[in-house]
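sequence? don't have it. structure:
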Ligand SMILES: Nc1nc2c(c(=O)[nH]1)N(C=O)[C@@H](CNc1ccc(C(=O)N[C@@H](CCC(=O)O)C(=O)O)cc1)CN2
Ligand SMILES: Nc1ncnc2c1ncn2[C@@H]1O[C@H](COP(=O)(O)OP(=O)(O)OP(=O)(O)O)[C@@H](O)[C@H]1O
């Protein structure tokens with residue numbers, strides 16, 4: 001009897017995006033704020049040694065990491081993704097995000113300080129507890145993390161609603177940059 005093949009990465013991405021949308025749109029503002037505050041409370045004790053922490057400006061259905069960035073200590077810099085154009089590699093510049101970027105996400109201005117983060121808070125569509133991640137499918141984080149890890153010991157921490165953690169292991173491609181840990185509103189998952 002034929003064994004059904006596992007769903008492809010694009011199929012899993014689309015299904016997980018649909019599920020994330022349904023989940024996020026059912027949250028009212030108070031519930032959402034409570035989840036994001038709980039996320040920050042769990043994440044912050046793990047960020048103490050970082051000099052620069054990169055986050056992201058959240059898109060509509062993503063959990064926001066901005067409460068984490070707002071609570072960094074005065075010696076720590078907050079960074080956000082920045083693109084010169086759609087074809088260029090993702091960089092990080094000092095927060096806040098003030099202008100639309102080429103991918104439809106707000107980003108810092110081009111004259112904000114360029115930063116090499118030692119911790120990157122990574123948005124995701126779906127991840128498993130081993131740190132395999134599915135993102136939006138452009139490879140922006142895979143490439144940026146490969147570049148940063150070639151130069152220094154950078155930690156990648158996935159940031160997610162609890163419902164974005166897959167119980168079964170996800171398929172990993174050779175270029176996938178694994179997450180070191182994942183933080184949700186209820187738990188910290190060490191992946192390595
Ligand atoms: N909040 C956030 N910022 C981020 C990312 C992310 O996943 N989330 N990125 C992760 O790499 C980078 C931007 N990469 C992107 C790659 C693809 C699309 C994209 O396909 N957008 C859809 C519309 C998305 C939507 O439904 O809102 C599109 O343009 O059709 C967007 C950003 C850096 N900044
Ligand atoms: N280090 C890399 N160098 C060159 N190309 C890469 C690298 N990492 C990923 N890519 C390319 O990026 C594309 C998308 O990869 P993938 O589907 O794994 O994205 P994703 O991890 O879901 O999304 P993202 O990282 O943007 O959030 C692939 O076609 C892959 O060839």
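The structure has been received and is ready for your questions. Every value quoted in this text rests on a predicted model; they were computed, and no experiment measured them. Ligands and ions are numbered 1, 2, ... in the order given.

Show me which residues of this protein are close to ligand 1?
Residues of the chain found near ligand 1 (CB under 6 Å from any ligand atom) are 56-60, 62, 81, 90, 103-105, 123, 135-136, 138, 140-141. (Each C-beta comes from the backbone N, C-alpha and C, glycine too.)

so which of those are also by ligand 2?
135, 136, 138, 140, 141.

Of these - the most surrounded one?
residue 141 (23 neighbours; other CB atoms under 10 Å).

hang on, that residue in a helix?
Yes. Assigned with DSSP: H, G, I helix; E, B strand; the rest coil, residue 141 falls within a helix.

looking at it, it is touching residue 125, isn't it?
No. Using CB atoms under 8 Å, residue 141 makes no contact with residue 125, being 11.2 Å away.

Spit out the residues that contact those two alike.
residue 135 (CB atoms under 8 Å, 6 or more residues apart in numbering).

one step back: now, the residues of the chain next to ligand 1 that are in helices?
When these are checked against helices using DSSP state H, the ones located there are 140, 141.

Pull out the buried members of the residues of the chain next to ligand 1.
56, 57, 58, 62, 81, 90, 105, 123, 135, 140, 141 (16 or more other CB atoms under 10 Å).

now, which of the residues of the chain next to ligand 1 lie within strands?
Among those, DSSP state E puts 81, 123 in strands.

if we can go back for a sec, okay, the buried ones among the residues of the chain next to ligand 1 in a markdown table with pLDDT next?
Formatted as a markdown table, those follow (pLDDT from 0 to 100):
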| residue | pLDDT |
| --- | --- |
| 56 | 98 |
| 57 | 98 |
| 58 | 98 |
| 62 | 98 |
| 81 | 98 |
| 90 | 98 |
| 105 | 98 |
| 123 | 98 |
| 135 | 98 |
| 140 | 98 |
| 141 | 98 |
